[in-house]
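**Student:** Below is the sequence, then the predicted model.
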Amino acid sequence: MSTEKPGAPPKVVLDTNVYFSAFNSARGVPYELWRRALGREYTLLVSPTILRELAGVLRSGLKWPEAEIIAQLKILVRVAKVVEPKIRLRGH
């Protein structure tokens, strides 16, 4: 049973790849999703695991300086609701 209030904005979880693309280019669908999150058009949810993974790909994939990574993650945490999943899946 859902505990959502009628008319409440949808809750959305974005994959690390979407953040990577949005932060790498100010065009395309990933950037549009990020722009809409910044505009609070939906409730963005993010987990600590996604935050850690995102920091890693910004560091290794985009070669961002640590200060820039921290600044971007601070924006993300202000925009999103940080949630801890109740169930964790483990890969092989």
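**Tutor:** Alright, I've got the coordinates. Quick caveat: nothing in here was measured; it's all calculated off a predicted structure.

**Student:** Can you give the contact residues for stretch 30-50?
**Tutor:** With contact meaning CB atoms under 8 Å, 6 or more residues apart in numbering, stretch 30-50 is reached by 8-23, 25, 76-77, 79-85. Just so you know, the C-beta spots here come from the backbone N, C-alpha and C atoms, and that holds for glycine as well.

**Student:** What residues sit buried inside it?
**Tutor:** Within stretch 30-50, the residues that count as buried by 16 or more other CB atoms under 10 Å are 30-31, 33-34, 37, 43-44, 46, 50.

**Student:** Give me the distance between the two termini of that stretch.
**Tutor:** This stretch, stretch 30-50, spans 16 Å end to end (CA to CA, to the nearest Å).

**Student:** if you average pLDDT over that stretch, what comes out?
**Tutor:** Average pLDDT, stretch 30-50: 96.

**Student:** Off-centre distance for it?
**Tutor:** 5 Å (CA atoms, centre = their mean, to the nearest Å).

**Student:** next one: stretch 46-53
**Tutor:** Chain-centre distance of stretch 46-53: 8 Å, with CA atoms, centre = their mean.
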